[in-house]
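Trainee: no sequence for this one, just the structure:
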């Protein structure tokens, strides 16, 4: 059980829920946004003292019944509820991260000749990719293993401020941090994830700001706009699919609408990789 993280997560979620959203009167003028502690305790049907101790990081080990009550009271999403259970020491998934890509998945991405495809782990390391993904993302084979990490790509960029001000790119950055936080809760003893978070907190104020929000969301489908030096701009749908029997690995596919300029651009990029 991670009492400090649990306390911070509860406080952050409490601050975003308004009394009106949970059917409570607004009452007198409030000094801080969100619900009061006693209101959360009331909604979760627990004593105010018990809840205060949880928020102060000195509470007992909460039961699954208590966690479910808190999840309802704080209107948590499914991803946030899962994160809450992990922080409280009630894991609902495997507790050890894997980087073992099945041979069947390696064969699949190799066969996807017109679709950039790669496999990503919970730490956002790229583990395997096909030639088109390498051509699209910048010669992945030539990069050191530690540099093949999406979080590092985003938050080490000298253009990070401009990146975050762009609606689409900013949404991707926020979603990536929220997904990494979910992974950190899912694998609390993973030293590599801990080291990556510590590195980014030290190097990137932008990452630190997003990390402090305690947002949790597992990444799924998202549209992306990619500027490539050879073929120009590609409007792609970034599909994120779980790898069977490897729940913490994701297959990422960049697809484009058939017949669209982006689809043609991907075909041109493939021809370039074949001729080079």
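Mentor: Done, it's in. Keep in mind the model is a prediction, meaning the values are calculated, not measured.
Trainee: Name the spans of the stretch 1-150 of the chain whose pLDDT lies under the cut-off.
Mentor: For the stretch 1-150 of the chain, applying pLDDT under 70 flags the ranges 26-30, 91-96.
Trainee: To clarify, my last question referred to the stretch 151-276 of the chain.
Mentor: 247, 276.
Trainee: Which residue ranges of it form strands?
Mentor: With DSSP state E, counting those that start in this stretch, the ranges of strands along the stretch 151-276 of the chain come out as 222-228, 232-243, 246-255.
Trainee: The ones you listed: which one's closest to residue 52?
Mentor: Nearest of those to residue 52, taken as C-beta to C-beta: strand 246-255 at 34.5 Å. Where you see a C-beta, it was placed from the backbone N, CA and C, and this is true even at glycine.
Trainee: May I see the buried residues of the closest one?
Mentor: For strand 246-255, a neighbour-count test (16 or more other C-beta atoms under 10 Å) marks 246, 248-255 as buried.
Trainee: about what we covered before: okay if I get the strands of the stretch 151-276 of the chain as a markdown table plus distance to residue 206?
Mentor: What follows is those, written out as a markdown table (distance: least, C-beta to C-beta, whole Å):
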| stretch | distance to residue 206 |
| --- | --- |
| strand 222-228 | 19 |
| strand 232-243 | 21 |
| strand 246-255 | 23 |
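Trainee: Residue 11 is nearest to which of those?
Mentor: strand 246-255 (27.6 Å).
Trainee: residues in contact with the closest one?
Mentor: The set of residues external to strand 246-255 that reach it, using C-beta atoms under 8 Å, 6 or more residues apart in numbering, is 93-94, 97-102, 105, 108-109, 112, 115-122, 127, 133, 136, 183, 186-187, 219, 224, 226, 234, 236-243, 266.
Trainee: Okay, and which of these map to helices?
Mentor: Using DSSP state H, the members of the contacts of strand 246-255 that fall within helices are 105, 108-109, 133, 136, 183, 186, 266.
Trainee: Please identify which of those residues is nearest to residue 144.
Mentor: residue 133 (17.4 Å).
Trainee: list the contacts for that closest one?
Mentor: Per C-beta under 8 Å, 6+ apart, neighbours of residue 133: 109, 116-118, 140, 254.
Trainee: Not counting its neighbours along the chain, what's nearest residue 128?
Mentor: With C-beta to C-beta, 6 or more residues apart in numbering as the criterion, residue 128 has its nearest non-adjacent residue at 4.5 Å, and that residue is residue 119.
Trainee: what's around that neighbour, how many residues?
Mentor: Using other C-beta atoms under 10 Å, residue 119 has 24 other residues around it.
Trainee: Tell me what it is bridged to.
Mentor: residue 128, residue 251 (DSSP bridges).
Trainee: Touching, residue 53 and residue 59? I think so.
Mentor: Yes. At 3.8 Å, residue 53 and residue 59 qualify as touching, with contact defined as C-beta atoms under 8 Å.
Trainee: Neighbour count: those two, which is higher?
Mentor: Of the pair residue 53 and residue 59, residue 59 is the one with more neighbours under other C-beta under 10 Å, namely 20 against 15.
Trainee: mind listing what the residue nearest to residue 128 touches?
Mentor: Counted by C-beta under 8 Å, 6+ apart, residue 119 has contacts 101, 105, 109, 126-129, 243, 249-252.
Trainee: Kindly recompute the last result at 10 Å.
Mentor: Contacts for residue 119 (C-beta atoms under 10 Å, 6 or more residues apart in numbering) come out as 99, 101-102, 105-106, 108-109, 125-130, 133, 243, 246, 249-252.
Trainee: Kindly report the same for residue 117.
Mentor: By C-beta under 10 Å, 6+ apart, residue 117 lies in contact with 105, 108-111, 128-133, 239, 241, 251-255.
Trainee: Look up the residues forming beta bridges with the nearest residue in space to residue 100 that is not next to it in sequence.
Mentor: Distances taken as C-beta to C-beta, 6+ apart place residue 246 nearest to residue 100, at 7.0 Å, with adjacent residues excluded. Bridge pairing for residue 246 (DSSP bridges) gives the partners residue 243.
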